[in-house]
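Trainee: compute the structure for the input listed below.
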Amino acid sequence: MKLITITRIRCLYILLLLCLPAALQAQESAQKTIKGTVLDTAGNALPGASITVKGLNRGSTSDAAGAFTITAPATAELEISLLGYAPQTFAVASVNGPLTVRLQVSASSLDGVVVIGYGTIRKKDVTGAIQTIDGATLEKSMMPDVTQALNGRVSGVNVQKSSNRPGAGFSVQVRGTNSFNFSNEPLYVIDGIPTTNGMRYLNPSDIESIDVLKDASSSAIYGSRGSNGVVIITTKGGKKRDGFDVNYNGYTGIKIPARIPDMIGSRGDGLEYVDYRIALWSNKYGPSSLSRPDFLTAAEKERVRYGEYYDWSREVLKSGMINNHTVSASGGSEKTSYTFGLGYFDEEGITGRERFKRMTANLGLEHRMNSKIKLGFNSYGSKVNIDEGSSEALINAYFLPPIVSPYDENGNSLFRVQPTSSKINPLIDMENDIRQREEYYANVSGYIEVTPIKDLSIKSQFASQYDTWTYGNFKGLYTQANSGVNPPSASKSTGKNFNWVWDNIITWKKNVGKDHKIHAIGLFSIQKDQHESAAMRGEGLPYNSGWHAIQTADQITGVESNYWESAMMSLMARVNYTYKGKYLLTLTTRYDGTSRLAKDNRWGMMPSAALGWQISEEDFMKDISFVNDLKLRVSYGLTGNNNVRHDVTRTRLAMSRYLFGDKGTVGFGMGNEIGNPNLKWEMTSEFNAGLDFGFLRNRIRGTLDIYKRITRDLIFERKVANINGFSSFLENVGSTSNEGIELGLSTVNVSTKNFTWKTDLTFSKNRNKIRDLYGDKKDDIANRWFIGQPIRVIYDYNFLGIWQNGEKGDAAKYGKAPGHIKIEDRNNDNAFDERDMMILGSPNPDWTGGITNTFTYRNFDFSAFVYVRKGGLYDDPFTFMFTAWDNEHWNKLDVNYWTPDNPNNEYPGIGAVSLHTQVLSKVSGTFVKIQNMTMGYTFDTEKMKRVKLKNLRVYGTVNNPFTFTKYLGSDPESIGEDPYSTLSVMPMSFTLGLNLTF
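Mentor: Model (predicted):
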């Protein structure tokens, strides 16, 4: 009986095992068809909403009436989403009958957090002109220095690059130029630490966001340092997060020269240059000069006979590699959060030794002891090595004609490649002209934040920044500077900066009833800066020892050292008040004191006020469904500029050597500049009016700002006659203004289940003007400063073209002939002098803009960024040297020169010794540049989980693929490069990258 029972149980168990898969399969196959409608909160139909079955590749879309039908497993979940609205999720099993879904407008675009200095605020509550660029955008820009990524992406910001050499610096202006003699750079605040070092030290992958405070209402919180705008950089610190992530982002690629200037006879067609040389000598010296031995040397004639030509610029230029690797880890628990990152960047130049290397490390920790006490620590370190390459190798490559060879008849490298000129072989020069820089940067901060009672917090943060640099320059015997005659020379300079800041902040956030919201902050801050530097120069080094043994030089030509300190103390208060979510008020004031000014003038108060009206929250707007956000902002405030030397109030002594009796003696006397103890801060007042808007479910979002900024009491270096024993002194005189308009626009042009197309656009227009100089409303022609004109102008003769054959008689009145440069005789006195000069323009662009289009199709994404600069007139030394210089042995740009058979009006005749050639250096700054194109593919998340990955994206990028401009040089963004120091060629780069998280 017992055996039969056991047998029955076993049979029943086997039967259950056989039936269980079928039961499970039947359960899985149980499907449910759901019909529904998607509406907004006002009851209007929402077509194009996406209805997806979570975890399955299945979905539907709502039609014009908002209706949809979908079939899903009974155990699944549905997600209903639409761009601009908050998504909703429903369990299929809980749906009985028709489903009505009411989506609410997403607050993410309005409730995102903006860093406003010493705290954050919701975008919805912002009353000032602030623009944010997130870390993802910075990474995708593929810029070694994130400074350049601001160009065209942040309206009102103009970034000017000094060169395309790796590691070259940038100049940043926010809403134009204010000051004549002192810095117009914005204040940089990196993790709460004010600095003037910019962002070159930072790895883009380590940046959480960059917030640019543009108007006085926003930047007044930084008081006497805020008149040029404020750039707040937030790195990825130890913010609260759960779990553990490890991320790798890296790319490698190659860069090649792009837009190499077109010299006569370039690309190997040297006969063009021979024809030019014949015409030049014939017109300049007569046809008989062609038989002179210096017209063509024997070696040059030999190369012409056999067609051996050299394109020197392409001989000097090469390709370079780019490598970037960043590894970061982040995670945390309920009490502790952390982040850690390491980065390595290596960029080779395209001319000789040029190179930029950067290693970075960052660490962020946050520990929440309990609900009332929080501790934090952030650190960032960077090591930078820059090899600037040869000073003059590239310009020599442009000067040397294609009939000159770098080698002798035996194939050995020549030092002097052109006996008829002083130019040496650039291939040898670039090996012996060494300019290198090594920099270290560290940023460390720690804080404690206490919340003693609800809504009130007290935070004390101590932060310090330390940076040091060493710059060495060695010019060997075989360089252009020493010409193979003078012995090697070297120089070395070192410096270090240390500053610390102690901020004590009290914050009160309180909602009073349903209608009132208050966010108040108070600050007490102390800051101290220290600087130390030294330099040494020597000539006649006995061997190639670089700059490491200058003491062995035959002559020490210079030794100097510097040290200074400055301090600042500040009190600040700010109140943000919101009434019914519609009416916004921000009041800010800061009281700063600085040791850089004399006792009676070192303290100053800088207040500001801003109003905001959230029009879209008004009752009369409720029925206007296409308007999702509409806010009007108005602000006015005062800011200062104490960005002056530490000793401007004192007269410095100058050392001089003189003979006293029969011995040399060192004496000290008044320097060239006399100090002024009455100096006070430059003060800037600014009015700003702005409109934030969002239409059509926020598919069109944007910001429009207009502003007027006036700077008074400019710290001005006034020149005086040397008869007084000094040549200049500083005083507060003059006034300048900047006014303009800025637009930022983001649109979602197409949004379907599998395809989206988004566009981000910026537009900036600024007008700079001198309002007054010395109080007498008179121009300063000697310094080219004119009332009512921009600070920087081009003041010269007006170029009318070229004198033609039919104008021979008129040209003779001015001592000129056909083929010569024709300029305007403004007073018709048949002579040219200062009275015929005029303001031709300004290097300030008429407007700038940027546009980014981003496309996604399923897992593919593609983006293209275009930067535009319209207008602006520049005085370009490169254009001048290679179109206007009169030299019969050097090469020139291949342009449309005047000849009797080609009577153009662009450039003078070949060999025509014409006056006023400087007018040829004036060039337009207009260009359109496709700066970045990126294609990427993101692998399916569910599939990546099988291999323990959270995210995997591969991408390819090309930078600077296309540039449209009339500029004859390489890069219209760097017009005005110093030809003997920073001349460069714009590179085009191709990279392949990988981004993975596990």
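
Trainee: okay, CA-based contacts and neighbour counts for the rest of this
Mentor: OK.

Trainee: quick one, helices of the chain?
Mentor: In the chain, the segments counted as helices under DSSP state H are 2-28, 108-111, 135-141, 216-219, 271-285, 298-306, 312-316, 393-399, 426-432, 808-812, 877-883, 941-945.

Trainee: comparing the ones you listed, which yields the minimum mean pLDDT?
Mentor: Ranked by mean pLDDT, the helices of the chain bottom out at helix 2-28, with a mean of 40.

Trainee: and the strands in the stretch 851-998 of the chain?
Mentor: Remark: strands assigned in the stretch 851-998 of the chain by DSSP state E, counting those that start in this stretch are 860-870, 873-875, 897-898, 907-909, 922-924, 927-938, 951-965, 987-997.

Trainee: correction: the previous question concerned the stretch 551-700 of the chain.
Mentor: Under DSSP E, counting those that start in this stretch, the stretch 551-700 of the chain gives strands at 555-579, 583-594, 603-614, 627-641, 653-660, 663-670, 673-674, 682-695, 700-712.

Trainee: any idea how far the fourth one is from the chain center?
Mentor: On the basis of Cα atoms, centre = their mean, to the nearest Å, strand 627-641 sits 24 Å off its chain's mean C-alpha point.

Trainee: change the start of the numbering to 2 and stick with it
Mentor: Yep, numbering from 2; the last one is strand 628-642 now.

Trainee: helix or strand with the lowest mean pLDDT in this protein?
Mentor: helix 3-29 (a mean of 40; mean pLDDT, DSSP states H and E).

Trainee: quick one on the thing from earlier: turn the strands of the stretch 852-999 of the chain into a markdown table, including mean pLDDT and mean neighbour count.
Mentor: Formatted as a markdown table, the strands of the stretch 852-999 of the chain follow (pLDDT from 0 to 100; neighbours: other Cα atoms under 10 Å):
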| stretch | mean pLDDT | mean neighbour count |
| --- | --- | --- |
| strand 861-871 | 95 | 20 |
| strand 874-876 | 95 | 21 |
| strand 898-899 | 92 | 20 |
| strand 908-910 | 93 | 24 |
| strand 923-925 | 95 | 21 |
| strand 928-939 | 95 | 20 |
| strand 952-966 | 94 | 18 |
| strand 988-998 | 94 | 19 |
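
Trainee: quick one: closest of those strands to residue 800.
Mentor: strand 923-925 (9.3 Å; Cα to Cα).

Trainee: the closest one: partners in the sheet, and parallel or antiparallel?
Mentor: strand 874-876 (antiparallel) (DSSP bridges).

Trainee: could you check how far the strand it pairs with is from the centre of its chain?
Mentor: With Cα atoms, centre = their mean, you get 21 Å for strand 874-876.

Trainee: how about stretch 907-926?
Mentor: For stretch 907-926, the distance to the chain centre is 33 Å (Cα atoms, centre = their mean).

Trainee: repeat that for stretch 903-911.
Mentor: 39 Å.

Trainee: same check on stretch 924-936?
Mentor: So, by Cα atoms, centre = their mean, the centroid of stretch 924-936 is 14 Å from its chain's centroid.

Trainee: for residue 845, find the nearest of the strands of the stretch 852-999 of the chain.
Mentor: Of all the strands of the stretch 852-999 of the chain, strand 874-876 comes closest under Cα to Cα, at 7.4 Å.

Trainee: what's near enough to touch the nearest residue to residue 806 once chain neighbours are set aside?
Mentor: In this structure, residue 806 finds its nearest non-sequential neighbour in residue 819, 5.3 Å apart by Cα to Cα, 6 or more residues apart in numbering. Residues counted as contacts of residue 819 (Cα atoms under 8 Å, 6 or more residues apart in numbering) are 803, 804, 805, 806, 808, 809, 812.

Trainee: taking those one by one, which sit in strands?
Mentor: Among these, DSSP state E puts residue 803 in strands.

Trainee: nearest to residue 329, of the contacts of residue 819?
Mentor: Closest to residue 329, out of all of the contacts of residue 819 and judged by Cα to Cα, is residue 803, at 62.1 Å.

Trainee: tell me how many other residues crowd residue 475.
Mentor: Residue crowding around residue 475 was assessed by other Cα atoms under 10 Å; the count is 25.

Trainee: not counting sequence-adjacent ones, nearest residue to it?
Mentor: According to Cα to Cα, 6+ apart, the nearest residue to residue 475 is residue 491 (4.4 Å).

Trainee: in the sheet, who's paired with that neighbour?
Mentor: residue 475, residue 539.
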